[in-house]
Structure formats: structure tokens, C-alpha cells
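> Whatever this is, show me its structure:
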Amino acid sequence: MTQVEQEKGMVDAEPKAAGELRYVARQPILNRQGLVHGYDLLFRNPPQAIFRRDADAAVETMLDNEVLFGLERLTNGLPAFVTCNADALTEDLVLVLTPSLTILGVPVGVEPTPRLIDACRALRARGFRISLDDFAWHERLQPLAECAAYLRMDFRQFGAAEREHFSRLGLNSLSLVAQKVETQDDYQQALANGFALFQGGYFCHPVLLKKRKIPANRLFHFEIVRELYRDPLDIRKVSQLIRSDASLTFRLLRLVNSPIYGMRQEVRSIETAIMILGEQALRRAISLAIVSELNAEQPVEILHMGLLRARFCELAARIFQQDPSEQYLLGLFSLLPAMLQVPMEEIVPCLPLRGQICEALTGSENPERSLLSWIESHERGDWQNCDRIASSRGLHSHQLMTWYEEALIWAASATPGMA
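Residues are numbered from 1 along each chain as shown. Now for the predicted structure:
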């Protein structure tokens, strides 16, 4: 039995209930400067399945262990927006969560009973922040609004009448979170309407000008990538190209002289650094440095998502009978249009990738794209499509989520400015 068959057999042996509650995605909520304010956690199961009593264990509350003990890891230490039901709030089931890291979401359909209002006030006193989700103004919601720190709503439903209500009631200090912001036009409209925070795919979908070409300095970076992935590696040529870029030279020498490699004498030669690192580590280090440069003018979350996709695709590649190195690059380069604001069709001819991988980057649903499609669906909370892709390979979601969690930790440490 091959290693792949052994691993696949272990996945198939997972009990059907395993990992069910661990199926959780996150969506970043960005501020006006493009920095991540926090993450909205999207659970496969509704709140009543996440927050529940466990009579057998004689404990008041139970939250899925991977979420409970990994919340800070899941959000890189930033606040998590967690949607709750009335029982979770009124019966103190949410007290297992860390107040400083948790924003408790009250859905629009929850009846604002006196008990619920008192519970929200008490939770706020404990240090939790309250968010009113899918908000639409009604007088009966005023007591809850007075408890809240955030209002999350479809930005298209917020107009002059809502602004008047907020001003009259003295609620102008609330942070308005615009939901369903999917395009740059959406973002500009939400910004003009006074929203401070934004949730949606807009930052990964810039306005792409089909006639716009890749800048010459970026083409130089692609030339380096092309040479990096030639087999055999031409060390002399790669050294010359890296030496021509001060930033890459600095990053490479800083890496090889770090405590990881324990060099007794400082390494100053690019060729020596390459020999010490080895081809695989060199390719990884320089690819990361180049993509960081390509994303320099965009939100760092785009780079973070690219690294998360890359590592996930690499980890799961063998089970999907794909090449891990190719899958890493597929994930890493999948957000290049957002970084460069250039259509993918203009980018792929510059990439050192075979035809099927380039087709996957441009959207073709071929076998090479399966893992990228899974993680894109996961980012949207599209559990049905995640299941479809997993079942097509005879996999259980538990194993895919294990790889996702590992990729999440790795990406946080690898993303400049997030570690």
C-alpha cells in the first residue's frame, strides 16, 4: 500500500461525526485603512448547535474544543464576531469565551425581551462587546442598540432615515459594519454612507483594467520566479537576478544569517547563501519575498490569504494526487490580480507553471484546481461545495479542516507584519 493510500485510508476511517463542529470559516472585517479589525466566524452549524448544554459532563456550557481553545489562533489574536442565539446570551453559555477577543452577535430575529437586554448589559459589564447583526431599525431595538458597540447590516439598507434615528438617539458612537461589500463600487458607496468597517470580498476584487499591463519592475520579479523553478537550477543566473534587487538580497542574507542556520561567520555572498539554504528553501523564501513585494500597495490580508491558500493546497496535495510544489504556487499566485490590479489572463504567461495550473488560475475547473476551489468555497462558508469536492475524493471534512488549521497557523507566522 502506498503512502497516499495509507493516508487516504486513515481519512476514510474517520467517524462521520468527527470534525462536524470544527467546520468553521472566517471572513475578515477591514477598516478604512485596509487593516483587519477582526474576523467574522462562520460556523457550519447554527448557534444552537455550537452553544449547547452537556448534561453528561455536568457543565453548563460546551463549545467545540477547537474553537474554544483555538480562538486566538483562529483570529491571529484579533477580535472574533460570534453569532449567538438567545439561550447562549441569557444563560451565560458564552462565558467560556474570552471577553477581550469576542464580539457577541445578536441576530435580527431575536426578540428583545427584558431578560435578553439585561443579559447583554451584564455581558458588556464583563468586557464583552455586543453586535446587532443584520440590523434594520425599529423602536423596540433601541435598548439593545444602547448596549451595542457594533451594528452590522447590508450597507444598501442604510440611508438618511437610519442616520436620523442614530443622531436623535445619540447612537453615533456605534461602529457601523457594512456587510455584502463585494466590489470596489460597493466599498465606495459604503464609505460615503459613513461605515467604518467593511465585510465582503471587495478587497480581493479590485477594478481590473484589461488594457493595463504588468509594470516592468514586476515583470523582473516574474523573471526571477521563472529562473527559480527551472530544473536544474542555474545558481549563477539566479544569484545575478537576486543581486539586482536590493530588497531580495537583504531578505535572503537576513534569513541565512538568522539563528535558524547557526552560522559562525556572517554570510555575505548570495551564492553561498543559496548553497546553504538548498533549492527548496530558496524557492520558498524568494517566492514569499517576491509576493510580499507585489502586494506592497494592497491590504496585508490579501498576502495572508494567499499564503494560507498556498500552504493548505500544499499540505493536501498528495491526497488529491497533485504535486505539492505546484499546488503551493497555485494557492500563492491565486490572488495576484488583487495584488497587481491586473487580470489573471495578463499574468499567467509570465508564470513558471505548466498549462493545467495556468488554466486552474484562470478559473478552469480541472483536477488541479480542486483544492483551490475547496478553500475558496470555505472562505465564503459554502459548505455544500466544500462537501462536494471532498466527497469526490472520498474524503471527510475532518482531515481537510486539520490541514486548514495547520495552514492557518503557518500563514500567520509567515505573513510579514502579522507574526
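> With only the CA atoms kept, save stretch 307-316 in PDB.
C-alpha atoms of stretch 307-316 as PDB (Å, rounded to 0.1, in the frame of the first residue of the first chain):
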ATOM      1  CA  LEU A 307      -0.100  32.200   2.000                       C
ATOM      2  CA  LEU A 308      -3.000  30.400   3.700                       C
ATOM      3  CA  ARG A 309      -4.200  29.000   0.400                       C
ATOM      4  CA  ALA A 310      -0.700  28.100  -0.700                       C
ATOM      5  CA  ARG A 311       0.100  26.100   2.500                       C
ATOM      6  CA  PHE A 312      -3.300  24.400   2.500                       C
ATOM      7  CA  CYS A 313      -3.000  23.300  -1.100                       C
ATOM      8  CA  GLU A 314       0.500  22.100  -0.500                       C
ATOM      9  CA  LEU A 315      -0.500  20.000   2.600                       C
ATOM     10  CA  ALA A 316      -3.500  18.300   0.900                       C
END
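> which residues touch that stretch?
288, 291, 322, 324-325, 327-332, 334-335, 371-372, 375-376, 400, 403-404, 406-408, 410-411, 414-415 (C-beta atoms under 8 Å, 6 or more residues apart in numbering). For every residue, glycine as well, the C-beta is placed using N, CA and C.
> buried set for stretch 389-408?
Within stretch 389-408, the residues that count as buried by 16 or more other C-beta atoms under 10 Å are 389-390, 393, 395-405, 407-408.
> Pick the one among those closest to E365.
I389 (10.1 Å; C-beta to C-beta).
> Quick check: closest non-adjacent residue to the closest one.
For I389, ignoring the flanking residues on the chain, the nearest one in space by C-beta to C-beta, 6 or more residues apart in numbering is W374 at 4.6 Å.
> Can you get me a residue count around that neighbour?
28 (other C-beta atoms under 10 Å).
> Tell me if I'm right that it and S391 touch.
No: assessed by C-beta atoms under 8 Å, W374 is found out of contact with S391, at 11.2 Å.
> need the helices for the stretch 151-300 of the chain, in chain order.
160-168, 184-192, 216-228, 235-243, 246-256, 270-277, 279-294, 300-316 (DSSP state H, counting those that start in this stretch).
> Who's the closest spatial neighbour of P206, skipping the chain neighbours?
Q341 (4.6 Å).
> phi, psi of that neighbour?
Per-residue torsions, Q341: phi 60, psi 40 (degrees, to the nearest 10).
> Please apply the same query to V106.
phi -100, psi 110.
> Find the residue closest to it in space, skipping its chain neighbours.
Per C-beta to C-beta, 6+ apart, closest to V106 is L132, 5.4 Å.
> Need phi/psi at that neighbour.
phi -90, psi 120.
> For it, grab the count of nearby residues.
A count of nearby residues for L132, using other C-beta under 10 Å, gives 25.
> G355 now?
Neighbours of G355 using other C-beta under 10 Å come to 10.
> And C147, by the same measure?
There are 21 residues near C147, going by other C-beta under 10 Å.
> what do you get for G201?
So G201, with other C-beta under 10 Å, has 16 neighbours.
> And F250, how far from I286?
Applying C-beta to C-beta, to the nearest Å, one obtains 12 Å for the distance of F250 from I286.
> Which of these two has more residues huddled nearby?
Taking neighbours as other C-beta under 10 Å, F250 and I286 compare with I286 leading, 25 against 11.
> correct me, but the more buried one touches I224?
Yes: the criterion here is C-beta under 8 Å, and I286 meets it with I224 at 6.7 Å.
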